[in-house]
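In: got a predicted model here, sequence first, then my questions.
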Amino acid sequence: EMVVRVHVHRQTDWSGPLTAALVANLCSWCHATRPNVLMLVADDLRPEIGAFGVDTAVTPRIDKLAKESLVLTRNYVQQAVCGPTRASILTGRRPDTLRTITHSQPTYWRERAGNFTTIPQLFRENGWYTVSFGKVFDLRTSSNSSAEWICDAPYSWSESPVFCGTVLWSLDGKMAQKQSHATLTPEQEGIMSDRQIVNAAIGRLNGSTPNHTALPTPWMVAVGLHRPHLPLIVPQSSLDLHPPSSVVLPPNRFSAPKNMPLAATECAGGKVPEPGHASMELWEQYTYNNTTSDWNGWTGEINTSLPDEWAVTLKRYYQAAVSHTDMLFGEVLDAVHAQGDYDNTIIVMFGDHGWHLAESGMWAKCTNFEPAARAPLMIRVPGVTDAGVTSTALSEHVDLLPTLADAAGIAVPTCPRDSTDVKVCTDGVSLLPLARSPNTIVKKAAYTQWPHPFFSQQPITMGYSIRTDTARYTEWVFMSYAANGTHIPNWSHRCAREYYNDTAETANVAEDPARAADVAYHAGLLRLGWRVAAGAAPWPTLPPLPQPIVSLTCPTTNPGPSPSPPGPLPPGVSAGASRRCSNGTAQGNSSDTSCWCQPAVTKVGPTNNDWSDCQSLCANDAVCKSWTFSTSGGCFRHSTDHTISVEHTGPTAKTIWSGCEHPDTCPNSL
C-alpha cells in the first residue's frame with residue numbers, strides 16, 4: 001500500500017517541469033493499480049431478483065453483491081432479443097446505429113454499420129487483458145459467425161473466447177429432450193453448459209487452466225451463462241428452493257392489453273402465425289412435455305393463456321434457473337476473492353433483456369412491453385459504491401460502456417449524429433453520478449424498439465417506444481433506408497400507436513380523447529430522441545408533429561397483399577408492371593441491386609429441435625448450413641442466397657426496401 005502526500009504552496013506554478021514530472025509519476029502509480037473488471041451476464045434474466053424487490057426470489061449471492069453496488073431498478077434495454085441487445089450493450093450504441101436488429105445474416109455491425117469499439121476492446125486497447133467465457137456476445141451472426149472471428153474475436157479479446165458457440169447449447173437442448181423445462185440429474189448438472197463455462201472461468205482466474213500462464217493484470221473477465229434462457233434445465237436442489245405454493249401468477253395473465261394493436265406481439269419464426277399471436281419462442285421451439293407436443297393446440301393467441309398448472313410449473317422452473325445462475329455467479333465471485341483481487345475489481349451484473357412470465361398472457365421476449373424491456377443492471381465500483389446504492393432513476397443498457405469507462409478513467413465522447421466513421425463513442429451516459437446521488441436525473445426517458453418482420457434486415461415497420469417517469473408510448477411507423485443502409489423512420493406514416501399509463505399496461509389509451517394532450521406530448525418526446533433526453537435539463541419546446549399523419553394498416557406475418565409503401569416506387573418499377581412470383585408463396589426481399597421473390601422454406605429433415613443436428617443434414621450446402629432452422633415440425637432451410645431458387649422481379653431497390661413489397665412487384669408478399 002502506498003500513501004502519497006503532496007504539499008503545495010498556493011502560488012505554485014502548475015505548468016512547470018517539476019509538476020509535469022510529479023503528475024507523470026502519479027499516473028504511473030495509478031496505472032499499476034488500475035482495477036480489474038468482472039462482467040457477469042445472464043441470458044433472458046428479468047429483474048426476478050431479491051435485490052430488485054421480488055420477495056419470492058432466492059438469489060443470496062446477487063443480493064449480497066447488491067449491498068456494495070449501484071442497483072438500477074428502472075433499467076431498460078434497446079431491443080428485447082439476444083443478438084441485437086448484446087451488440088447494443090457491448091458497443092454502447094443503439095440498434096439503428098448498429099443496423100443490428102435481427103438474427104438474420106449479415107447482422108455484424110462491423111460489416112453493416114462501422115468499425116465500432118466494444119467494451120472489452122476499449123479496455124484491451126487501454127492495457128487490460130480481456131478474456132471471455134460462454135455467451136457474452138451472441139453466438140450467432142450479430143457478432144460474426146465465422147469460426148476465427150466468432151464473438152468479435154480478435155477485436156475484443158486477448159485470447160480466443162471459450163465456449164462461445166453452439167456445442168454446449170446443443171448439449172443443453174438434448175438433455176431437455178426438446179421440452180421447455182427439465183430437472184437435471186447430478187451427472188447432467190456436472191456437464192450442462194453453465195457448469196462448464198463457470199469451471200473454465202474459475203480455472204483461468206486461479207491459474208489452473210492447462211497451457212496458460214497466470215492471468216495478467218489488470219484483467220477483464222466476462223462470464224456469460226445461458227440460463228434462465230429456455231430450456232429451463234435445473235438441478236433438483238434449485239427447484240426445491242421454489243415449491244409450487246410459492247409461485248405467484250400475474251392477475252392479467254388471461255388477457256392482452258385492451259385496444260392493443262396486433263403488431264405489438266408479433267415475433268415471427270419458422271411457423272409463421274396469424275396476426276395476434278405472442279410467445280412464439282415457447283410454443284414453437286419447445287414442447288411442454290413429451291405427451292403434449294403441440295401445447296394442446298395453444299399458439300400464443302392473444303387473450304388466451306396456458307392452464308394455471310402449466311404456468312406455475314414454467315414460472316417455478318424459471319425462478320429455479322435464476323437461483324442456479326445466482327449460485328454459479330457466487331462461485332465466480334469466490335474465485336476472485338480467493339485470488340485476493342476482490343477489493344480491486346469492478347463488478348457488473350446484468351441480464352441481456354427481460355422476459356414475460358404470463359403477464360398479459362405472454363411468455364418469453366420479443367416485445368416493447370415492460371416485462372421484456374426492463375432488465376437488471378448493477379455495478380460495483382470499489383471505493384464508490386461500497387455502502388450499496390439503489391436508484392430508481394431511468395437508465396439504459398447503452399449506459400454500461402460509458403459507466404465502466406468512467407469508473408476506469410477512460411474518456412469516451414458522446415456519438416455525433418452520424419457516427420459511421422467514429423470508432424470510439426457512445427449513445428449512452430455515465431451512471432456513476434447516481435452512486436453519489438441516486439435521485440439524480442441522468443436521462444429523462446429510455447428508448448426501446450422492435451422491428452416487423454423480425455427476421456428481416458430492413459423491416460417494413462418499426463415499433464419505437466419511449467419510457468418516461470409516467471408512461472410508455474409506442475409508435476409503429478413505416479421505414480425507409482438510405483443507400484448506405486441508414487434507418488429512416490417515416491413518422492408521418494403510422495400504422496398503430498400505444499399509450500400505457502398504468503404499471504401493468506392493461507389498456508392502450510392512445511385514442512382516448514381525454515389523453516390526447518399526454519399522447520401528443522409523448523409522441524413529441526419520442527421524436528426528439530435520446531440525445532435530448534440525456535441529462536436533467538427540462539425538455540425543450542416540442543416541435544409540431546408532422547401533419548397530416550397518414551394512418552396505414554400494419555403489415556401482418558400472414559402472406560397476402562401488403563399496404564402500398566409510403567413514397568414512390570423504386571426507379572424502374574412502374575405501377576402497371578404486374579410482376580408476380582410464380583410459386584405464389586413469395587416474400588419480398590432486396591439484395592444490393594434488385595428486388596426478388598423468395599420461395600417458401602424447404603424441409604430438409606425430420607422432427608428435430610436441435611439446430612446443430614439440422615445443420616448436419618445440409619451436407620456440403622453452405623447456404624443451407626447458414627440458414628437452417630428447427631421447429632417441432634422438422635428442420636427447414638431458407639433460400640436466402642439470391643443466386644439460388646429465386647425469381648427476379650424488379651430493378652434496384654436497395655434504398656427503399658418496402659419498394660420490393662409493392663403490390664405491383666410482389667403482390668403476394670409481405
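Out: Looks like it came in fine. Residues are numbered from 1 along each chain as shown.

In: for this structure, longest strand please?
Out: As assigned by DSSP state E, the longest strand anywhere in the chain is strand 487-500.

In: quick check: buried residues in it?
Out: The neighbour-count check on strand 487-500 (16 or more other Cβ atoms under 10 Å) flags 487, 489-491, 493-500 as buried. For glycine as for every other residue, the C-beta is placed from the backbone atoms N, C-alpha and C.

In: export whichever helix or strand comes after it to PDB, keeping only CA atoms.
Out: Following strand 487-500 in sequence order, the next helix or strand is helix 516-528 (DSSP states H and E). C-alpha atoms of helix 516-528 as PDB (Å, rounded to 0.1, in the frame of the first residue of the first chain):
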ATOM      1  CA  ALA A 516     -54.900  13.400 -26.300                       C
ATOM      2  CA  ALA A 517     -52.600  16.000 -24.700                       C
ATOM      3  CA  ASP A 518     -50.500  13.400 -23.000                       C
ATOM      4  CA  VAL A 519     -50.300  11.200 -26.100                       C
ATOM      5  CA  ALA A 520     -49.200  14.200 -28.300                       C
ATOM      6  CA  TYR A 521     -46.600  15.200 -25.700                       C
ATOM      7  CA  HIS A 522     -45.100  11.700 -25.600                       C
ATOM      8  CA  ALA A 523     -45.200  11.500 -29.400                       C
ATOM      9  CA  GLY A 524     -43.100  14.600 -29.500                       C
ATOM     10  CA  LEU A 525     -40.600  13.300 -26.900                       C
ATOM     11  CA  LEU A 526     -40.300  10.100 -28.900                       C
ATOM     12  CA  ARG A 527     -39.300  12.100 -32.000                       C
ATOM     13  CA  LEU A 528     -36.900  14.300 -30.100                       C
END
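
In: who touches helix 516-528?
Out: 444-445, 447, 464-466, 468, 471, 473, 475, 491, 497, 499, 501, 509-510, 533, 539-540, 542-543, 545 (Cβ atoms under 8 Å, 6 or more residues apart in numbering).

In: could you rerun that using 10 Å?
Out: The contact list for helix 516-528 (Cβ atoms under 10 Å, 6 or more residues apart in numbering) reads 444-445, 447, 464-468, 470-475, 477, 489, 491, 494, 497-499, 501, 509-513, 515, 532-533, 539-546, 549.

In: please pick the buried ones from these.
Out: Neighbour-count burial (16+ other Cβ under 10 Å) applied to the contacts of helix 516-528 gives 444-445, 447, 464-468, 471-475, 477, 489, 491, 494, 497-499, 501, 509-510, 515, 532-533.

In: hmm, back to that, so what does the longest strand of the chain touch, helix or strand wise?
Out: Applying 3 or more Cβ pairs under 10 Å, 6 or more residues apart in numbering; DSSP states H and E, one finds that strand 487-500 makes contact with helix 95-98, strand 446-452, strand 461-467, strand 472-481, helix 516-528, strand 550-551.

In: pLDDT weak spots in the stretch 551-670 of the chain?
Out: Across the stretch 551-670 of the chain, the ranges flagged by pLDDT under 70 are 556-670.

In: kindly recompute the last result at 80.
Out: The stretch 551-670 of the chain contains residues with pLDDT under 80 at 555-670.

In: and if you look at the chain?
Out: 1-32, 103-106, 139-150, 165-167, 266-276, 290-294, 455-456, 543-548, 555-670.

In: who's in contact with the residue nearest the centre of the chain?
Out: Centre of the chain computed as the mean C-alpha position; nearest residue by Cα atoms, centre = their mean is T85, 2.2 Å away. Taking Cβ under 10 Å, 6+ apart, we find T85 in contact with 77-79, 95, 100, 138, 142, 351-353, 365, 373, 375, 397, 448.

In: okay, now the nearest residue to P451 once chain neighbours are set aside: neighbour count?
Out: For P451, ignoring the flanking residues on the chain, the nearest one in space by Cβ to Cβ, 6 or more residues apart in numbering is P459 at 3.7 Å. P459 has 23 neighbouring residues, counting by other Cβ atoms under 10 Å.

In: repeat for T313
Out: Residues near T313, counting by other Cβ under 10 Å, number 19.

In: repeat for G340
Out: Around G340 there are 8 other residues, counting by other Cβ under 10 Å.

In: again with the one 5 residues further on
Out: When neighbours are counted by other Cβ under 10 Å, T345 registers 21.

In: for K423, same thing?
Out: 12.

In: and T91, how far from V221?
Out: 19 Å (Cβ to Cβ, to the nearest Å).

In: should've said V550
Out: 51 Å.

In: which residues touch H353?
Out: Contact partners of H353, counting by Cβ under 10 Å, 6+ apart, are 43-46, 76-82, 84-86, 89, 365-366, 371-375, 397, 448.

In: how about the helices and strands packed on strand 487-500, which one is nearest D427?
Out: helix 95-98 (6.2 Å; Cβ to Cβ).

In: check which residues of the next helix or strand along the chain from that closest one are buried.
Out: Downstream of helix 95-98, the first helix or strand assigned by DSSP H and E is helix 109-112. Using 16+ other Cβ under 10 Å as the test for burial, helix 109-112 gives 109-110, 112.
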